[in-house]
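A.B. asks: Just the structure for this:
(2 chains)
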Amino acid sequence: MNRINQKLQEDKKLLSIYFTAGYPSLNDTVGVLQNLEKSGVDMVEIGLPFSDPLADGPTIQASSTQALENGMTSEILFEQLTDIRKTVSIPLIIMGYLNPMMQYGIEAFCAKCKEVGIDGLIIPDMPVNVYHEQFQAIFEKYGLINVFLITPQTSEERIRFIDSISDGFIYMVSSAGTTGAKSSFGNAQSDYFDRIGNMNLKNPQVVGFGISNRETFTQATSKAKGAIIGSAFIKHLTKHGVDTISDFINEIR
Amino acid sequence: MKKTYHVNEKGYYGTFGGAYIPEMLYPNVEELRQKYLDIMYEDSFQKEFKQLLKDYVGRPSPLFYAERLSEKYKTKIYLKREDLNHTGAHKVNNTIGQILMAKRLGKTRIIAETGAGQHGVATATVCALMGMECIVYMGEIDIARQAPNVARMKMLGAEVRAALSGSRTLKDATNEAIRDWISNPVDTHYIIGSVVGPHPYPDMVARFQAVISEEIEWQLQEKEGRSYPDHVIACVGGGSNAAGAFYQYLDDERVNLIAVEAAGKGIHSGESAATSVLGEDGIIHGSRTLLMQTKDGQITEPYSISAGLDYPGVGPMHAHLYASNRAEFISITDDEAMTAGLELSQLEGIIPAIETSHALAIFDTRKFKEDEIVVLNLSGRGDKDLNTYIEYFKL
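C.D. replies: Below you'll find the predicted structure:
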């Protein structure tokens, strides 16, 4: 069974962390992953940096720009991850935009993911229908789980369709906006969390965008299975470096 | 089924196009996709659109027989005078159409991206006309380079927001406009300035610009007794003026289509914007098309002396015209373009935009027969480029 599905069966709220590969320094990727696992994080999204990340706010953009300046590429990321499964056992997901994966070759990219032990992909600019028509068979061949996003504006019909073609979890974007834009949740978010919670979807939901501390983590996971922290973690890395990762995680739970 | 170079029902031109957008944009783009054709072809929409094009933009734009230019290059050259439009270029055809679209979609806030500022000015203009809030994203570097257009937009009541990310030019301004739309999904319409972006934008913008070739048809009929030329020439950055000039002739194989790209300092100089030659199949701003990028799939920054041509991608319609060999693609360097711009000024008394000068420059090397009819889309006027001309020619 895929590590993601196994993790989702555990009887706890999941804390997932996003970070940009090759940031703050090119060779920090493995150290960050090891520290995150040691700190008790349940799952990690490894950001594959892209020059034009449409769905991201300034913090993740800046870390991507820095990672690219550091020399990060798809090829180097896979090299860095070659032995990752010797030291890290939590589910690992690569989150990135479609263009760099296309240039690598979608099938070659998926094959490499399987080889190094990646469990799934999140590709914000890959449309649901394109995945369904062109890529689903490839992803399945290499045992990769594809994670789709839904937002407060996504229609119920579309959520049900996404649920039907998902086999892991659904990434619930907390509010209209890019990553790192919000610092607290209001009534609109709790209504949205309740509404989705009450739909009885077959896939559990993990909330992302706008989660930065214990309070927002608790709110986000009141109904959902877990939550993802990205920008707030990147800010911590920028300020305090790789060695103090556990301080950040301990603040969350 | 008849072969067509128009968009198919799924939003593709061959393998190019589509809508590669984050889920956050899906409701907006989907609403537009479902409604744009119905709205555009409502009688009341067409009536208002045509009225504004006539009374506000000043259409039809003349189709001018360029006698001295024709004499020099030994062929029959007609210039489609989009430079005479209000705001000085073809851009306004699209912004008039899209502002009417936005009103009918019930949107109250308009965002746009701009590179040199021409599309920003055209958007700010129609927003002033319609009393709509207008925010224009512009790269920080472009803001510094294009001060007069920034001032124009402000005078027209628009807010100009600096794009501070990435290379701080057009592609980043486009990213910022898309991020704004993600954050404001309900009240905002995004007026894209070219035939780029996710479906239905390339098709919608092409349809609004199609007025150019619709007029060429009847104007040529009047002047030459036939509605089609042998060649249509247009410069291509994103590709909107070319899309408009080609539109009525896309499936008419009697007409040769010529797209002119900016080679900058030379195609292989590392400072170029010749996307068809240098680009690879990929995804930019929600569209699958040819774009300039590294081997690793990072989008690179193009260069041209003309701010309107330095876009790292090209519209999916043009990518398909290139890949299918339906259109001829020619690249022109900065120097060739500047020389051609000066020549038109002195042969015909028309100072062209430097974008257009690229199209004009092909006559030096691309020869036409004496009895052939060549229509060149004179997409914009050169006032905005005076400083560049002054510096280049030490005027």
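A.B. asks: which phi and psi does A:Gly168 have?
C.D. replies: As for A:Gly168, its main-chain torsions (degrees, to the nearest 10) stand at phi -170, psi -100.
A.B. asks: what about the nearest residue to it once chain neighbours are set aside, how many neighbours?
C.D. replies: If you skip the residues right next to it in sequence, A:Gly168 has A:Ile145 as its closest partner in space, 3.7 Å away by Cβ to Cβ, 6 or more residues apart in numbering or on different chains. Quick note: C-beta positions are derived from backbone N, CA and C, even for glycine. In terms of burial, A:Ile145 registers 22 neighbours under the definition other Cβ atoms under 10 Å in any protein chain shown.
A.B. asks: which residues touch A:Ile145?
C.D. replies: A:2, A:4-5, A:93, A:119-121, A:139, A:167-168 (Cβ atoms under 8 Å, 6 or more residues apart in numbering or on different chains).
A.B. asks: Mark which of those residues are buried, thanks.
C.D. replies: Among those, the ones that count as buried by 16 or more other Cβ atoms under 10 Å in any protein chain shown are A:4-5, A:93, A:119-121, A:139, A:167-168.
A.B. asks: In helices only, show me those residues.
C.D. replies: Assigned to helices by DSSP state H, the following of those qualify: A:4-5, A:139.
A.B. asks: per-residue pLDDT, the one residue in the stretch 251-395 of chain B that gets nearest to chain A?
C.D. replies: Closest approach between the stretch 251-395 of chain B and chain A, counting by Cβ to the nearest Cβ: B:Gly297, at 3.4 Å. What the model reports as pLDDT for B:Gly297 is 98.
A.B. asks: Helix, strand, or coil at it?
C.D. replies: Under DSSP: H, G, I helix; E, B strand; the rest coil, the three-state class of B:Gly297 is coil.
A.B. asks: Lowest-scoring secondary structure element of chain B by mean pLDDT?
C.D. replies: Scoring the helices and strands of chain B by mean pLDDT, DSSP states H and E places helix B:140-145 at the bottom, with a mean of 89.
A.B. asks: Quick one: list the elements packing against the longest strand seen in chain A.
C.D. replies: Assignment by DSSP state E gives strand A:14-20 as the longest strand of chain A. Applying 3 or more Cβ pairs under 8 Å, 6 or more residues apart in numbering or on different chains; DSSP states H and E, one finds that strand A:14-20 makes contact with helix A:29-38, strand A:43-47, helix A:58-70, strand A:205-208, strand A:226-229, helix A:231-240, helix A:245-252.
A.B. asks: next one: the fourth one to chain centre, how far?
C.D. replies: Its chain's average C-alpha position is 9 Å from that of strand A:205-208, according to Cα atoms, centre = their mean, to the nearest Å.
A.B. asks: one step back: can I get the longest strand of chain A in CSV? Just the C-alpha atoms.
C.D. replies: As requested, C-alpha coordinates have been extracted for strand A:14-20 and formatted as CSV (Å, rounded to 0.1, in the frame of the first residue of the first chain):
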residue,chain,number,x,y,z
LEU,A,14,-1.9,14.9,10.1
LEU,A,15,0.7,17.7,10.0
SER,A,16,2.2,18.1,6.6
ILE,A,17,5.0,20.5,5.7
TYR,A,18,5.8,22.1,2.3
PHE,A,19,9.3,23.3,1.6
THR,A,20,11.2,24.3,-1.5
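A.B. asks: Helix A:231-240 and that strand, what's the angle between them?
C.D. replies: With axes from the mean of the first three to the mean of the last three Cα atoms, to 10 degrees defining the directions, strand A:14-20 sits at 60 degrees from helix A:231-240.
A.B. asks: Residues touching strand A:14-20, excluding its own?
C.D. replies: The set of residues that contact strand A:14-20 without belonging to it, under Cβ under 8 Å, 6+ apart, is A:7-8, A:32, A:36, A:40-47, A:49, A:60, A:63-64, A:66-67, A:95, A:206, A:208, A:217, A:221, A:225-230, A:233-234, A:237, A:249, A:252-253.
A.B. asks: same thing with stretch B:343-350?
C.D. replies: Stretch B:343-350 is contacted by residues B:64, B:66, B:68-69, B:72, B:79, B:83, B:351-352, B:357, B:360, B:378, B:381-382 when judged by Cβ under 8 Å, 6+ apart.
A.B. asks: How many neighbouring residues does B:Tyr41 have?
C.D. replies: By the measure other Cβ under 10 Å, the count of residues near B:Tyr41 is 10.
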